[in-house]
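Asks: Quick one, structure for this:
(one chain, ligands or ions: 2)
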Amino acid sequence: MKENIIRHTYEVSKSQRQKLLNQNSLLLWFTGLSGSGKSTIANALEHKLYQEGFKTYALDGDNIRKGINNDLAFSPEDRKENIRRIAEVANLMVDAGVIVLAAFVSPYKKDRENIARIVGNDNFVEIFVNTSLEECEKRDVKGLYKKARAGEIKDFTGVNAPYEAPEAPDVEIITDGLSVEECVVRIYDKIKPKLKI
Ligand SMILES: Nc1ncnc2c1ncn2[C@@H]1O[C@H](COP(=O)(O)OS(=O)(=O)O)[C@@H](OP(=O)(O)O)[C@H]1O
Ligand SMILES: Nc1ncnc2c1ncn2[C@@H]1O[C@H](COP(=O)(O)OP(=O)(O)O)[C@@H](O)[C@H]1O
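Replies: Residues are numbered from 1 along each chain as shown. Ligands and ions are numbered 1, 2, ... in the order given. Now for the predicted structure:
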């Protein structure tokens, strides 16, 4: 029973853990179409942060949809639950003092608003990896667009399921015509003031 669960107070606080690590913990949330560049950019940004001595961790489809969320598919309800669980996991990591990078399509505005509610607005950085559907389809890194167009995948974002673009993201990167390095520098410059205590 939820009412019988009483929170235990621990002596070591989030701000003490952040001090120990000499960093502000944050959730850097990458949203965008499949193939837009979320994982590539998150990976490169994490590498840069790691080299600068920040303690980071990346959450991605590989460690989430094959693990904790392997019971979920791509209906709006399943995506909502996917994003909610990821936000809860990220929240624990942010509480532990870590800078978390999360790369998920997260196509629904309501689900992204829920992430901000779970981790708190001050800890949440929404990064919109804005790559046109045409470009994503041209890249077709995993061959999924071709399958979706052939009717072999239902509910495929951008083809037969919606992507609700963020209206006021903290960072927006229009990747078409930019290198991965250029994207990383643009994001890094925006988040730099938030990283240190
Ligand atoms: N129907 C459908 N729609 C969108 N994407 C699909 C679908 N089926 C499989 N895939 C592959 O799964 C990746 C998206 O998973 P996510 O957990 O990021 O999706 S969501 O946030 O719950 O919408 C996505 O990976 P990325 O390409 O890395 O974005 C796809 O490769
Ligand atoms: N500016 C760029 N930023 C990110 N990826 C890019 C860029 N230009 C080209 N790409 C290529 O686009 C693909 C993006 O794939 P991926 O990172 O898996 O996307 P997502 O995680 O959004 O599905 C990669 O093959 C990457 O090399």
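Asks: longest single strand anywhere in this protein?
Replies: Identified as the longest strand of the chain according to DSSP state E is strand 124-130.
Asks: Which strands or helices does that strand pack on?
Replies: strand 27-31, helix 109-119, strand 171-174, helix 180-195 (3 or more CB pairs under 8 Å, 6 or more residues apart in numbering; DSSP states H and E). All C-beta spots, glycine's among them, are computed from the backbone N, C-alpha and C.
Asks: what about the lowest-mean-pLDDT helix or strand in the chain and ligand 2, any contact?
Replies: Least confident helix or strand, the chain: helix 61-63 with a mean of 86, by mean pLDDT, DSSP states H and E. No. Figure legend: helix 61-63 not in contact with ligand 2 (CB under 6 Å from any ligand atom); closest approach 7.8 Å.
Asks: Could you tell me how many residues sit around the residue of the chain found nearest ligand 2?
Replies: Proximity of the chain to ligand 2 (CB to the nearest ligand atom) peaks at residue 37, 2.5 Å away. By other CB atoms under 10 Å, the residues close to residue 37 number 25.
Asks: repeat for residue 140
Replies: By the criterion of other CB under 10 Å, residue 140 has 15 neighbours.
Asks: hang on, the earlier thing: residues touching the residue of the chain closest to ligand 2, list them.
Replies: When contacts are counted by CB atoms under 8 Å, 6 or more residues apart in numbering, residue 37 touches 129, 131, 173, 175, 180, 183.
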